[in-house]
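K.L.:
Need a 3D model of the sequence below.
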Amino acid sequence: MIFVESEFAPLRKVVLAESEFGIPREPRIEDLRFLTPEARDEVLKNRGADYAAAFPEIQRAWEGERKDFEQLLAGHGVEILRPRKLKQAEKLIAGDDGYANFFTRDPFFTVGNFVVEGALRLRHRRREVLPLRDIMLQYVYPSDCTYVAAPAPEVAEKDDPAHGKGPFIEGGDVLVLDKHVFVGISGLASNELGARWLEKLIKPLGYTLEIVRLKPDILHLDCAMGLVREGLMIVCEEAFADGIPEKLNRWTKIPVTYDETTQLATNGLPLSPEVYVTDPAFRHIGDRIANHGVHVEYVDFRITRSFGGAFRCSTQPLLRKS
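P.N.:
Numbers count the residues shown, from 1 in each chain. Presented below is the predicted three-dimensional model:
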């Protein structure tokens, strides 16, 4: 079965990311504005490098973070699927654009029983769905669900700062709350055309889609807020261009600072309404979550976070159902 009811319904089956990254040879500074200054400097100093070759010790530690997280998920009874590694041909065809196989949240996403291949804005991520296609063949095709891909983005000129019209729709911007779907737009990832495309897909099935505008240096909506359980959220109110969505105004809010949100403080992962996973760097936030009766687990994700994503970014649920 494939179905995602909400961001916090019990997690039963999930795709956990691999750890591969080819740094673009000519990265644009404006496309890196969501990263910390330290991470941005590392990208610029190592243009065109394969991360594992350039930083073998850090690569092993990065893989170790994902392994620790995998063990925690398994300990909570979650079925875990892993993408394959990138083929050499896939790395070569990427050329100067670089390549990625490091976050599963954005290349595809699940809304109800819709499995949607996204359309990613940054060029080094445009083929990131390819290592996931074997999972589609094995688990999605045989399931009673709808499987569809967003239109491929247009080929834009190299000097186009917007990377063309898109459409762009990325899973980090898509948060599910039963039949209400929030889509974040900051200018770095999903855009209005992508949101309109998704709305046309899911509206006939009774879904409401709400666009949430973000400040221009916030990569995705899940970098600005996280839904812990019904009525409880972690949020950086400064990250929103027009304020928090009205539907969530009455929820209890655990606030984080703008600096903390750029470090992925809101990007933890509920395993159920009773269990939440975050980084020990945010233990002070975890303590506030625990005060609401939620058990908080901790995994050190320092290296993973340096790439601009954390626990939600590293996972894509195929089954979340009460």
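
K.L.:
Please enumerate the strands of the stretch 51-200 of the chain.
P.N.:
79-81, 99-101, 108-111, 114-117, 146-149, 174-177, 180-185 (DSSP state E, counting those that start in this stretch).

K.L.:
Please identify the most buried of those strands.
P.N.:
Greatest average neighbour count among those goes to strand 99-101 (a mean of 26), per mean count of other C-beta atoms under 10 Å. Bear in mind the C-beta positions are built from the backbone N, C-alpha and C, glycine included.

K.L.:
and that strand, what other elements does it pack with?
P.N.:
Secondary-structure packing of strand 99-101 (3 or more C-beta pairs under 8 Å, 6 or more residues apart in numbering; DSSP states H and E): strand 20-22.

K.L.:
any idea which helix or strand comes after the strand it packs on?
P.N.:
Helices and strands here follow DSSP states H and E; after strand 20-22, the next one along the chain is helix 37-45.

K.L.:
for that next one, packing partners?
P.N.:
helix 302-306.

K.L.:
and the helix it packs on, how far from the chain's centre?
P.N.:
Average the C-alpha atoms of helix 302-306, do the same for its chain, and the two points are 14 Å apart (C-alpha atoms, centre = their mean, to the nearest Å).

K.L.:
contacts for it?
P.N.:
Outside helix 302-306, the residues that touch it by C-beta atoms under 8 Å, 6 or more residues apart in numbering are 19, 35-36, 38-39, 42, 58, 61-62, 65-66, 263-264, 267, 279, 281, 310, 313-314.

K.L.:
tell me which residues of that helix are tucked away?
P.N.:
Of all the residues in helix 302-306, those buried under the rule 16 or more other C-beta atoms under 10 Å are 303-306.

K.L.:
contacting residues for Asn113?
P.N.:
By C-beta under 8 Å, 6+ apart, the neighbours of Asn113 are 2-3, 144-146.

K.L.:
Show me just the buried residues among the residues you listed.
P.N.:
2-3, 145-146.

K.L.:
rewinding a little: include mean pLDDT and distance to Val140 when you put the strands of the stretch 51-200 of the chain into CSV, please.
P.N.:
CSV is the format used below for these (pLDDT from 0 to 100; distance: least, C-beta to C-beta, whole Å):
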stretch, mean pLDDT, distance to Val140
strand 79-81, 98, 11
strand 99-101, 95, 18
strand 108-111, 98, 9
strand 114-117, 98, 5
strand 146-149, 97, 5
strand 174-177, 98, 17
strand 180-185, 98, 19
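
K.L.:
Extract the CA atoms of the worst-scoring helix or strand of the chain on mean pLDDT and return them as PDB.
P.N.:
Scoring the helices and strands of the chain by mean pLDDT, DSSP states H and E places helix 37-45 at the bottom, with a mean of 82. The C-alpha trace of helix 37-45 is given here as PDB (Å, rounded to 0.1, in the frame of the first residue of the first chain):
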ATOM      1  CA  PRO A  37      28.600  30.800   4.800                       C
ATOM      2  CA  GLU A  38      31.000  27.900   5.700                       C
ATOM      3  CA  ALA A  39      29.200  25.400   3.400                       C
ATOM      4  CA  ARG A  40      29.000  27.900   0.600                       C
ATOM      5  CA  ASP A  41      32.700  28.500   0.800                       C
ATOM      6  CA  GLU A  42      33.400  24.700   0.600                       C
ATOM      7  CA  VAL A  43      31.300  24.500  -2.600                       C
ATOM      8  CA  LEU A  44      33.100  27.400  -4.200                       C
ATOM      9  CA  LYS A  45      36.500  26.100  -3.300                       C
END
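
K.L.:
contacting residues around that helix?
P.N.:
Defining contact as C-beta under 8 Å, 6+ apart, one finds that helix 37-45 is touched by 23-24, 27, 29, 32-33, 35, 306-308.
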